[in-house]
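Novice: what follows is a predicted protein model with its sequence.
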Amino acid sequence: MSHPKLASIFNKDEQKVNWHDKALWFVRHKRDLSVHQVKGWEALRELGHNIKAHTLSNLDDYLVEFETNALKNGVQVHWAANAKEHNTIVHQILEEHGAKKVVKSKSMLTEECHLNPYLEDRGIEVIDTDLGERIVQLAKEPPSHIVLPAIHKNRHEVDKLFQEHLHTKPCDGDPQYLTQEARKHLREKFINADAAITGVNFAIAETGGFVVCTNEGNADMGTHLAPIHIACMGFEKLIPKQEHLGVFLRLLARSATGQPITTYSSHFKRPMNGNKMHIVIVDNGRAEQLGRPDFRKSLHCIRCGACMNTCPIYRRSGGHSYDATIPGPIGSILSPGKDLTKHSSLPFASTLCGSCSDVCPVKIDIHSQLYKWRQIITKETKQPFVKKKSMVFMGKLFSKPKQFERIGKIGRWALRSLPQSMINAKPNVWGKSRDLPKGPKQSFDEWYRNRMKKSQ
Ligand code: SF4
């Protein structure tokens, strides 16, 4: 289904839409307060942007450097061209060690590759250990946000879900009780796990080490208790040097949740005490995106989620309406590169207000890229007949000021005089979920001309 159709499902529950909107705006506000405390925030963004651009331009060298150093550290490195190869590699590693129970910390890459169902089909239990991820896993839903995967669920829904799956007592959505019960449930899973899977936030070419950021310490808990650690990373997670890490750690936490730093920034370099450590480096369409000059900057993304929190469309349509692993503005740039027809509605799910580009910690020109996808989609995919014709009509209208003025007068009169039922009649899709304001007596142009006359 297209974004407008899925959004209209989310929009049926107005109360939910309102608290979803408010909750994300609260996070955006926290981000603002936090970044305003950093002197030179803009310079830090610029630096992050430049480091990413440099890394992507020299990716071949840095990937080889990373692999060489990781191998020296005793880590086994695997390369996967696509999701299928990634899943096969992870499964083979687990099979070699007879691992049947896996704990996984939050990783959007494994979501992208649909690793959980792949392993479950082969008899392996996979438990997501990030609390939000566990909630959506129990609900059999995909995450709706890359940092706050269960933001679309309120505490009462979680209460019901836990009663059903974890056999907790009804608690009127008491967050403390629910968290304690989740903790007990996950602790048992951690203790009995045969292997731990994590994502990677930053991989450092210079050292062969990598960093995983969590707020719950679940990546550490999993990797310290299980004898096998498999880290899965998209190749864009690479940074050249250890000294660059400070730039990104400062940018990431502040942009994501407004924290000065993520609670746990866990550094991994070599396996401990005879344990095994594997890294799977994945392409899965990234090389193709890198080859598109207009869109290569989308690979700078450090997955902070700030563009989602600020986007008025995301906040009021919910993450599931994007029907993609990465939702929101950045997802609307990444997804069409994977399947243009399936995701053709996503670049239009934006007001192009530019707020996403303003908050992006690595200065991705998100709204310009959305606009570029629109141009490609309009040329390469079939557009509805009415939309095509009306765009031609509007194009002609906008190029003739006199005619535009006349039609504007009629439009303003209609908005003032006709009943709402006529204005919001079926052909007016815009009016389905919006009340248009009363038309003003004069246009801005008329008002401006009158004002200029008076002031002369
Ligand atoms: S595009 Fe920018 S703002 Fe959006 S998630 Fe990525 S880094 Fe964050």
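Specialist: Yep, it's here.

Novice: could you verify my assumption that F202 touches F210?
Specialist: Yes: counting by CB atoms under 8 Å, F202 touches F210, with 6.5 Å between them. Heads up, the C-betas are built off the backbone N, CA and C, glycines and all.

Novice: shared neighbours, those two?
Specialist: Residues touching both F202 and F210 (CB atoms under 8 Å, 6 or more residues apart in numbering): K237.

Novice: of those two, who's got more company?
Specialist: Using other CB atoms under 10 Å as the criterion, F202 and F210 rank with F210 on top: 26 against 22.

Novice: quick one: contacts for the more buried one?
Specialist: Residues 200-204, 231, 233, 237, 267-268, 279 are the ones in contact with F210 under the rule CB under 8 Å, 6+ apart.

Novice: how about a cut-off of 10 Å?
Specialist: 66, 70, 75, 198-204, 231, 233, 237-239, 266-269, 277, 279 (CB atoms under 10 Å, 6 or more residues apart in numbering).

Novice: just the buried ones from those, in ChimeraX syntax?
Specialist: Those of the contacts of F210 that count as buried under 16 or more other CB atoms under 10 Å are selected in ChimeraX with:
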select :66,70,75,198,199,200,201,202,203,204,231,233,237,238,239,266,268,269,277,279
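
Novice: filter the contacts of F210 down to just the ones in helices.
Specialist: 66, 70 (DSSP state H).

Novice: overlap between the contacts of F210 and the residues near the ligand?
Specialist: Applying CB under 6 Å from any ligand atom, the subset of the contacts of F210 adjacent to the ligand is empty.

Novice: which ones among the contacts of F210 lie within strands?
Specialist: Taking DSSP state E as the definition of strands, those contribute 198, 202-204, 231, 233, 238-239, 266-268, 277, 279.

Novice: nearest to the ligand among the residues you listed?
Specialist: Within the ones in strands among the contacts of F210, the smallest distance to the ligand is 12.7 Å, found for F202 (CB to the nearest ligand atom).

Novice: okay but the closest one is in contact with G234, surely?
Specialist: No: with contact defined as CB atoms under 10 Å, F202 does not reach G234; the gap is 11.7 Å.

Novice: could I get the ones in strands among the contacts of F210 as a markdown table with distance to F295?
Specialist: Output for the ones in strands among the contacts of F210, formatted as a markdown table (distance: CB to CB, whole Å):
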| residue | distance to F295 |
| --- | --- |
| T198 | 28 |
| F202 | 22 |
| A203 | 22 |
| I204 | 26 |
| A231 | 27 |
| M233 | 20 |
| L238 | 19 |
| I239 | 21 |
| S266 | 31 |
| H267 | 32 |
| F268 | 31 |
| M277 | 33 |
| I279 | 26 |
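
Novice: need the max-distance pair from the residues you listed.
Specialist: Greatest spatial distance in the ones in strands among the contacts of F210: I239 and M277, 19.4 Å, computed using CB to CB.

Novice: does the residue of the stretch 51-200 of the chain found nearest the ligand sit in a helix, a strand or a coil?
Specialist: Residue nearest to the ligand within the stretch 51-200 of the chain: I146 (6.5 Å; CB to the nearest ligand atom). Following DSSP: H, G, I helix; E, B strand; the rest coil, the label given to I146 is coil.

Novice: quick one, grab the pLDDT at it.
Specialist: The confidence metric pLDDT takes the value 96 at I146.

Novice: still on that earlier bit, dump the ones in strands among the contacts of F210 into a markdown table; add distance to G291 and pLDDT as well.
Specialist: Shown next, in a markdown table, are the ones in strands among the contacts of F210 (distance: CB to CB, whole Å; pLDDT from 0 to 100):
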| residue | distance to G291 | pLDDT |
| --- | --- | --- |
| T198 | 29 | 97 |
| F202 | 24 | 98 |
| A203 | 21 | 98 |
| I204 | 25 | 98 |
| A231 | 26 | 98 |
| M233 | 20 | 98 |
| L238 | 17 | 97 |
| I239 | 21 | 98 |
| S266 | 33 | 95 |
| H267 | 32 | 96 |
| F268 | 31 | 97 |
| M277 | 32 | 98 |
| I279 | 24 | 98 |
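
Novice: between those, which is nearest T110?
Specialist: Nearest to T110 out of these is T198 (CB to CB; 9.3 Å).

Novice: surely V126 is within a helix?
Specialist: No: looking at V126 with three-state DSSP, it is strand, so not inside a helix.

Novice: what's the average pLDDT for the helix or strand where K388 lies?
Specialist: Assigned by DSSP states H and E, K388 falls within helix 385-398. Helix 385-398 carries an average pLDDT of 87.

Novice: for stretch 326-340, same thing?
Specialist: 96.

Novice: anything in that stretch near the ligand?
Specialist: Yes: shown here: stretch 326-340 in contact with the ligand (CB under 6 Å from any ligand atom) through I330.

Novice: of all the residues in that stretch, which ones are buried?
Specialist: Of all the residues in stretch 326-340, those buried under the rule 16+ other CB under 10 Å are 326-337.

Novice: what is the burial count for D130?
Specialist: 23.

Novice: the lowest-mean-pLDDT helix or strand in the chain - contacts with which helices or strands?
Specialist: The weakest-scoring helix or strand in the chain, judged by mean pLDDT, DSSP states H and E, is helix 420-423 (a mean of 80). On a contact count with 3 or more CB pairs under 10 Å, 6 or more residues apart in numbering; DSSP states H and E, helix 420-423 meets helix 401-417.

Novice: taking helix 385-398 as reference, get the angle to the helix it packs on.
Specialist: Interaxial angle, helix 401-417 versus helix 385-398 (axes from the mean of the first three to the mean of the last three CA atoms, to 10 degrees): 120 degrees.

Novice: just checking, what packs against helix 401-417?
Specialist: Looks like helix 401-417 contacts helix 385-398, helix 420-423, helix 444-455 (3+ CB pairs under 10 Å, 6+ apart).

Novice: contacts for the second one next, please.
Specialist: Spelled out, it's helix 420-423. With contact meaning CB under 10 Å, 6+ apart, helix 420-423 is reached by 414-415, 417, 428, 430-431, 435-436, 439.
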